[in-house]
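Novice: would you be able to build a 3D model of this:
(2 chains)
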Amino acid sequence: MNTFRLGGVHPEENKLASKSNIEKLPLPDKAVVFVSQHLGAPSVPVVQKGDKVKVGQLLAKAEAFICANTHSPYSGTITKIDLATDFNGYKKPAFYIDVEGDEWEEGIDTSDSIVREITLDSKQIVERIKDRGVVGLGGAAFPTHVKYMIPQDKKAEYLIINAVECEPYLTSDNRVLLEKAEEVLIGIEVMKRALGVACALIGIENNKPEAISHMSELAKNYKGTKVVALKTKYPQGAEKQLIYALTGREVPSGKLPIEVGCVVNNVGTALAIYYAVQKNMPLIDNILTFTGKSVKRNRNLQVRVGTPLQYIIDYCGGLPEDTGKLVNGGPMMGKAIVDLNAPTVKTTSSILVISQKESMRKEETNCLRCGKCVSACPMGLEPILLFNLAKQDRWEEAEKECAMDCIECGCCLFSCPAGKPLLDLIRVAKNKIGVIRRLRSQR
Amino acid sequence: MAILTVSGSPHVQSKDTTRSIMWTVVIALIPALLVGIYYFGFRVLGVTLVSVASCLLFEWLIQKFLLKGKQTISDGSAVITGILLAFNLPSNIPFPLVVLGALVAIGIGKMTFGGLGKNPFNPALVGRVFLFLSFPTYVAISEWPKPQPLFSSAVADALTGPTPLLMMKNGQMPEMFDMFLGATGGSFGEVSAIAILLGGIIMLFRKVITWHIPVAYLGTAGIFSLILWSAGITVNPVYHLLAGGMMLGAVFMATDMVTSPVTRKGQLIFGAGCGLLTIIFRCFGPMPEGASFAILIMNAVTPLINKYCKPKRFGY
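Specialist: Residues are numbered from 1 along each chain as shown, chains lettered A, B, ... in the order given. This is a model prediction of the structure:
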């Protein structure tokens, strides 16, 4: 069975919510929607304090190339535009909305009927993706339309759909594959047309057998779309690892997937593209997994963007007694949540509740030079070497040892028996090298 | 609600700890210990216990009075050193020598460098070689205790005899099957190939070691001695693999993670170097045994191997 070649680990899967149907979370009374929810230049607000808005109305406009529109997920009144704290503790400008009813803008198809016929051409599709504020839902929130503007000298051969969901605990992609399979497949057809490629590969790990068989069955009706079962191994969902697992091609260091003829999108993005292009619906909600070993009911929720975290927690019956840490995302790459009042964004994929006991790192001892971090690294780096160089402020040597190729998957820190904070220090090194490189290019 | 922890990812870690790895090695050493007791009697247990106890005591004392750091004796590494040191000794060795060997192993071989993980040489081998060179009349003897299986009524015609390696040096041939089981003269932990291999399988299964070093070690030694055998210089390669410290060295000593290379490629080179040197020492050197010296020399080369054996980077 296909998988990537170098390194990787297999943490406990803990897909506790994999059997729970997606349920719609009721709307909150008050919501906070960040002006910019993507990677790139900030969007510019087009509504003002006191304005009445409808669901799907444009709130902030993309003025730059790498930028995305933000739409209102609610109908109601903008009470203020002010700084708000996000999950990670950063303060960013946001629209504060008092929610009144659920009134949608004209021209958005809110019915459940599936629209199969694709009427737009390639250029119109990309325009629509941009207009509807679609960003990459794999986690990076990169504006999707940018990926679909292929440089003149490059050619896309494969569309790769990342339905790997290699992170433990997360089940939202799995549920999408089971409950919205057809929408996803139509979304893929739209993406294929936009890119002008004939072949789409959907990578799914073999710990989701139901999703694999369901998708394979339906994919028979879509020429050129193929489901590929992959051996369960983390970090298979990392872009470069997935491309290798599916095509055997190795994206060169520092380059993008298009270098080897691939465009990679998450399955959530495929669904968002379906809604954007076929139903004219902007990206205003997402599916997140509320999960954890001591959570009474693990579930998958469809949540409007801008829902305060505390509202979700209250809906789910509060946090368990022994909660020690909350993580947005999976346990391997997710970020610890700093503020319980912070609102969700387009890319919020999960609320993972970690117990007090499991929130502590293991005891740190001397390095045993066991080499587990080296064999676990999917990029072929030597984490312990980078760690030691970083400890001694030897940034330029760390750069020569390819520190910038680190994808921060966490396999090194996960596998270290001595409990060394390997990735923490490598992140510091990457940061420092980034500064050095900027200084160098200024010279 | 309690204050929430905030830290960088990942938020889960594997179950492996320094402690769990070390105690797995201790468990893997038990089969060879049992075979040693079976063939050489309960004094084997005495030697092992004295060795382990002295290693723990010296580590504790040095940590307490010299390094003044956190006590580390419960991590199991001193127990391993103690057992491995004992395994290299004849069962009739005087106890004070065992204590002295432990002092050199832990004191010079390990704690001088800052304790577990920082030592460049395998501590047990440091202790062994010290005893071997300083007290040849007790440790590098020509007449080793002969195996006397427990509960057997047969009376051996002599209590001591030469080791297989010494017999080979003198042109005699020991019983191959005896060597596999461990029914030959020699250091009591080294004699039984099958018990050592069983320990190796336990460690492989628990992912404490990988196959690279033992296979490269034994493979290279086998091929090199085969070449020398066909040139009429030495005996059948199978004897070489089964005799002396080769098996214990390949499975337990050379695989010591602290003193062997980090990358797979490096481990293959390291193992091959050990195999080559062992056979050279055995066939051309003045002494019958060579595994300890071979591994110590390769330990010294390890930093160099680490420097030049880089893993294959992704995307280059």
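Novice: grab the nearest non-local neighbour of A:I407.
Specialist: A:A238 (5.4 Å; Cβ to Cβ, 6 or more residues apart in numbering or on different chains). For glycine as for every other residue, the C-beta is placed from the backbone atoms N, C-alpha and C.
Novice: am I right that the one you found is in contact with A:C409?
Specialist: Yes: at 5.9 Å, A:A238 counts as touching A:C409 under the criterion of Cβ atoms under 8 Å.
Novice: so what sits against both of the two?
Specialist: Overlap of the contact sets of A:A238 and A:C409 (by Cβ atoms under 8 Å, 6 or more residues apart in numbering or on different chains) consists of A:P378.
Novice: could you say which helix or strand contains A:V33?
Specialist: strand A:30-34 (DSSP states H and E).
Novice: outside of that strand, which residues touch it?
Specialist: With Cβ under 8 Å, 6+ apart, strand A:30-34 has contacts from A:59, A:70, A:72-74, A:76, A:84, A:86, A:92-99, A:304-308, A:343, A:345.
Novice: A:A272 in helix, strand or coil?
Specialist: Three-state call for A:A272 (DSSP: H, G, I helix; E, B strand; the rest coil): helix.
Novice: and the pLDDT at it?
Specialist: Note on A:A272: pLDDT of 95.
Novice: count of neighbours near it?
Specialist: Counted with other Cβ atoms under 10 Å in any protein chain shown, residues neighbouring A:A272 total 28.
Novice: what about it, distance to A:T347?
Specialist: Distance check for A:A272 against A:T347: by Cβ to Cβ, to the nearest Å, it reads 11 Å.
Novice: likewise B:W211?
Specialist: From B:W211 across to A:T347, the span is 43 Å (Cβ to Cβ).
Novice: more neighbours, the two?
Specialist: A:T347 (24 against 13).
Novice: excluding chain neighbours, what is closest to that one?
Specialist: A:T347 sits nearest to A:A141 (Cβ to Cβ, 6+ apart), 4.6 Å away.
Novice: so who does that neighbour touch?
Specialist: By Cβ under 8 Å, 6+ apart, the neighbours of A:A141 are A:Q37, A:H38, A:L39, A:V135, A:V345, A:K346, A:T347.
Novice: for A:I313, grab phi and psi.
Specialist: Note on A:I313: its backbone torsions stand at phi -60, psi -40 [degrees, to the nearest 10].
Novice: show me where the stretch 51-200 of chain B has its helices.
Specialist: B:77-87, B:95-103, B:123-134, B:136-139, B:164-169, B:176-181, B:193-205 (DSSP state H, counting those that start in this stretch).
Novice: any chance of these in JSON lines with mean neighbour count and distance to chain A as columns?
Specialist: Converted to JSON lines, the helices of the stretch 51-200 of chain B look like this (neighbours: other Cβ atoms under 10 Å in any protein chain shown; distance: least, Cβ to the nearest Cβ, whole Å):
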{"stretch": "helix B:77-87", "mean neighbour count": "28", "distance to chain A": "9"}
{"stretch": "helix B:95-103", "mean neighbour count": "20", "distance to chain A": "21"}
{"stretch": "helix B:123-134", "mean neighbour count": "24", "distance to chain A": "14"}
{"stretch": "helix B:136-139", "mean neighbour count": "14", "distance to chain A": "29"}
{"stretch": "helix B:164-169", "mean neighbour count": "22", "distance to chain A": "31"}
{"stretch": "helix B:176-181", "mean neighbour count": "17", "distance to chain A": "30"}
{"stretch": "helix B:193-205", "mean neighbour count": "19", "distance to chain A": "12"}
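Novice: quick one, what contacts the closest residue to A:D131 other than its chain neighbours?
Specialist: Sequence neighbours aside, A:N69 is the residue nearest to A:D131 in space, at 6.5 Å (criterion: Cβ to Cβ, 6+ apart). Under the criterion of Cβ under 8 Å, 6+ apart, the neighbours of A:N69 are A:S43, A:L58, A:A60, A:K61, A:A62, A:K130, A:D131, A:R132, A:G133, A:P282.
Novice: any weak-confidence spans in the stretch 151-300 of chain B?
Specialist: B:151-174, B:176-177, B:182-183 (pLDDT under 70).
Novice: residue 24: neighbour count?
Specialist: With no chain named, the answer covers chain A. For A:K24, using other Cβ under 10 Å, the count is 11.
Novice: wrong chain, I was asking about chain B
Specialist: 20.
Novice: please report phi then psi for the spatially most central residue of chain B.
Specialist: The centre of chain B sits closest to B:M253, judged by Cα atoms, centre = their mean, with a distance of 3.3 Å. Here is the backbone geometry of B:M253 (degrees, to the nearest 10): phi -90, psi -50.
Novice: quickly find the element holding the residue nearest to A:T347.
Specialist: Using DSSP H and E, A:A141 maps to neither a helix nor a strand.
Novice: check what pLDDT it gets.
Specialist: At A:A141, pLDDT is 88.
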